[in-house]
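Participant: the following block contains a protein sequence and its predicted model.
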Amino acid sequence: MANELPNGNGAGTGDTAPSMSALIQYTKDFSFENPKAPRGLGQQQAQQGPQMSLQVNVSSNGLGDNDYETVLRLEGKAELDNETLFAFDLSYGGVFRLLNVPEEHIHPVLVIDCARLLFPFARQIIAEAVQNGGFPPFYVPPIDFAALFQQRMQEFQNQQGAPLA
């Protein structure tokens with residue numbers, strides 16, 4: 001998709017090619033916890049590394065006209081011997097303008113393509129926070145947002161097809 005706007009509103013140019021523009025990106029909410037510091041900082045050198053967990057969620061909503069907000073939420077923690085070494089919870093958002101995108105494609109564009117654009121920035125925020133907390137930087141592994149979207153759609157369809165209790 002193009003990142004340029006034909007004339008600001010997409011009308012009057014005869015250009016009907018779909019376009020997407022990132023208008024702004026921002027940290028919406030962020031928390032980093034280091035509950036065992038400073039004691040826990042030495043535990044990271046144990047023979048067996050910490051167990052990492054990560055949850056990913058993408059949401060979107062309309063802001064009016066052709067502008068939409070997409071929020072990428074990454075929540076994770078590192079545990080060693082059932083004790084939390086560190087935990088983070090980041091909601092990183094962006095406002096995107098979509099022009100000439102068919103209605104049925106708007107939601108997938110927001111939760112796949114827009115999330116893909118936000119991801120490197122969210123990943124860097126987490127890596128730096130973990131490092132500033134006294135640990136080696138934690139780089140969130142790459143996320144396949146298309147597969148995540150397909151999985152969520154399949155779960156939704158399964159719930160819709162389930163008999164009501």
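Facilitator: Looks like it came in fine.

Participant: and the gap between residue 107 and residue 33?
Facilitator: For residue 107, the distance to residue 33 (CB to CB, to the nearest Å) stands at 33 Å. C-beta coordinates here come from the backbone N, C-alpha and C atoms, glycine included.

Participant: longest strand anywhere in the chain?
Facilitator: Determined from DSSP state E, the single longest strand within the chain is strand 83-99.

Participant: that strand pairs with which strands?
Facilitator: strand 19-33 (antiparallel), strand 67-80 (antiparallel) (DSSP bridges).

Participant: buried deepest among those strands, which one?
Facilitator: Stretch with highest mean neighbour count among those: strand 67-80 (a mean of 19; mean count of other CB atoms under 10 Å).

Participant: okay, now the unreliable bits of this structure?
Facilitator: For the chain, applying pLDDT under 70 flags the ranges 1-15, 40-48, 161-165.

Participant: what are the ranges of the helices in it?
Facilitator: 103-108, 115-132, 145-161 (DSSP state H).

Participant: quick one: distance of the shortest one to the chain centre.
Facilitator: Spelled out, that is helix 103-108. 18 Å (CA atoms, centre = their mean, to the nearest Å).

Participant: what's in contact with that helix?
Facilitator: Residues from elsewhere that reach helix 103-108 (CB atoms under 8 Å, 6 or more residues apart in numbering): 18, 60, 68, 98, 149.
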